[in-house]
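Student: Take a look and give me a structure for this.
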Amino acid sequence: MKPMKPMEPMKPMEPMKGTEPWWPQELGQPASSGGQNDMRYAFFPDAHRLLVEIDGQRTTYDSGDHRISGVQQTNGTAPRFSSQNGDVALNDLKVVD
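Tutor: Residues are numbered from 1 along each chain as shown. Here you go, the predicted model:
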């Protein structure tokens, strides 16, 4: 019977890769982001941009002077976002290209 070979050292684990962001990289990291149901959002205060994706369709909005910190969504209504100025309806923000 042959003697057992010594165990070889394990290779170091590679770091896990995170998910790719769904927003354009040039916007950087959002100050706030989240989602519910089939809707997600990301807010970029320096660029004054709010990105909203609903059912896979992404739209970019000019957030103006709003600093978005959260979202409320009720069945059958457009999402409303919390800001330092109070709630703002998505329909009240200007769509940008």
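
Student: And the average pLDDT for stretch 50-58 is what?
Tutor: Stretch 50-58 comes out with an average pLDDT of 93.

Student: try stretch 18-31
Tutor: In this model, stretch 18-31 has a mean pLDDT of 90.

Student: same check, this time on stretch 71-83
Tutor: When pLDDT is averaged along stretch 71-83, the result is 81.

Student: Name the surrounding residues that touch that stretch.
Tutor: Under the criterion CB atoms under 8 Å, 6 or more residues apart in numbering, residues 34-37, 39, 41, 43, 50, 52, 66-70, 87-91 lie in contact with stretch 71-83. Bear in mind the C-beta positions are built from the backbone N, C-alpha and C, glycine included.

Student: Tell me the buried residues in that stretch?
Tutor: When burial is assessed from 16 or more other CB atoms under 10 Å, stretch 71-83 yields the following buried residues: Val71, Gln73, Pro79, Arg80, Phe81, Ser82, Ser83.

Student: Kindly report the same for stretch 18-32.
Tutor: Within stretch 18-32, the residues scored as buried using 16+ other CB under 10 Å are Trp23, Leu27, Pro30, Ser32.

Student: Distance to Pro3 added to the residues you listed, as CSV?
Tutor: As requested, the buried residues of stretch 18-32 are exported to CSV (distance: CB to CB, whole Å):
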residue, distance to Pro3
Trp23, 58
Leu27, 61
Pro30, 59
Ser32, 62
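
Student: any idea how far Met1 is from Ser82?
Tutor: Using CB to CB, to the nearest Å, one gets 73 Å for the distance from Ser82 to Met1.
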